[in-house]
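> Return atomic coordinates for the entry below.
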Amino acid sequence: MERKAKPLDENITVNSLMRKYFGKLKNEVTIRTHGYHAAQVVDAFGHCKVKKIGIQDLNNFMDAQRLRGVSQITINRRIGLFRTAINWGVGQGLLSFNHLAGLRLPPAPQKEISPPTPDELKAMLQIAPRHIIRIIHIGLHTGVRIGPSELFRLKWQHIDLQDGIIHMPCALKNPQISVRKIPIKGSLIPLLDGWRKEDASTSMEWVIHYGGKPIKNASGCWRKILALTGIGRRIRPYDLRHAYATYAIAGGADIKSVAEVMGHADASMILKVYQHVQFCQKQKAVEVVPDLL
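Predicted structure coming up:
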């Protein structure tokens, strides 16, 4: 029997469309991070019909966001999310076409991120509680995503100290890959062994935990440590991932291997987002050129 096509709802509002779109999402982390940005679009256009919103309306939205100090990269993310929801609505038969497909977003310069230095991390380790100490060591040496998508899902059953491999739970970006193998750096093995024995005494299965429970967020404690160490610049737990890529490549690791350790299918992402050239690398790039004198 032939299925009937879903009726078009050309009067659907932005609020209704976004609710339907988010209703089909399964990843809690994606829902939480995208939800914050979607809320900005809903606040501006929630009760408007999707088909009535034109390119000039979104240009006005961008102007208003800039006046609030929002970066262009964040603005583009919010509008891009809206267009994605519209495309989904077209695919679901809720809308006939994406009338905003022709919108050209201004280029957004990539934020320059300077990863934490070894000295900064050593200062933090001096006063950090146990769960932050583990986050720093594992995050720096594996390039794992810091948060509930990967590191906070790590259990002791995922760590094979005998073969020196972490079977890291992957972020739910590729449903075909649920775990990736990360070699354990030699100096990290005795630390992990000690932590595992410590947790075995309380039957704790999670590697990162606090107060006898797995954690979902470490940002508050992280900021307090930065303040206590006198580090004035902004450093996020996620910047440990940037640090891994930076120091691995500076040490001679090839980009493809770094990408696989970090869980990137596209190695070019390392060059676009994560590699931060150090001055010593620039010096080397100059010195390797043959002399003519």
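
> can I assume residue 212 is in contact with residue 204?
Yes: using C-beta atoms under 8 Å, residue 212 makes contact with residue 204 at a distance of 7.3 Å. Every C-beta, even on glycine, is put in place using the N, C-alpha and C of the backbone.

> Which one of those two is surrounded by more residues?
residue 204 (17 against 8; other C-beta atoms under 10 Å).

> My assumption is that the more buried one lies in a strand; please confirm.
No: using DSSP: H, G, I helix; E, B strand; the rest coil, the assignment for residue 204 is coil, not a strand.

> Skipping adjacent residues, who's closest to residue 244 in space?
Distance criterion C-beta to C-beta, 6 or more residues apart in numbering; nearest residue to residue 244, sequence neighbours excluded, is residue 143 at 3.5 Å.

> That neighbour against residue 238, yeah?
No: using C-beta under 8 Å as the test, residue 143 is too far from residue 238 to be in contact (10.8 Å).

> Compare these two and say which is more crowded by neighbours.
Comparing residue 143 with residue 238 by other C-beta under 10 Å, the one with more neighbours is residue 143, at 28 against 14.

> which residues touch that one?
182, 241, 244, 245, 248, 258, 261, 262 (C-beta atoms under 8 Å, 6 or more residues apart in numbering).

> so which two of the residues you listed are the farthest from each other?
Across these, the longest distance by C-beta to C-beta is 13.5 Å; it joins 182 and 245.

> who's more crowded, these two?
Set residue 182 next to residue 245 and count neighbours by other C-beta under 10 Å: residue 245 wins out with 25 against 22.

> from what I can see the more buried one touches residue 262, true?
Yes: shown here, residue 245 and residue 262 form a contact pair, counting by C-beta under 8 Å, at 6.6 Å.

> Regarding residue 180, what is its secondary structure?
Residue 180 ends up strand, using three-state DSSP.

> For it, grab the count of nearby residues.
For residue 180, using other C-beta under 10 Å, the count is 17.

> Next, the contact list for it, please.
167, 168, 170, 260, 261, 263.

> Name only those of those residues that count as buried.
167, 168, 170, 260, 261, 263 (16 or more other C-beta atoms under 10 Å).

> which ones are touching the fourth one?
Spelled out, that is residue 260. residue 180.

> OK, contacts around the closest residue to residue 206 other than its chain neighbours?
Nearest residue to residue 206 in three dimensions, chain neighbours excluded: residue 214, at 4.1 Å (C-beta to C-beta, 6+ apart). Contacts for residue 214 (C-beta under 8 Å, 6+ apart) come out as 152, 206, 208.

> And residue 214, what's its pLDDT?
We have a pLDDT of 94 for residue 214.

> and the gap between it and residue 125?
22 Å (C-beta to C-beta, to the nearest Å).
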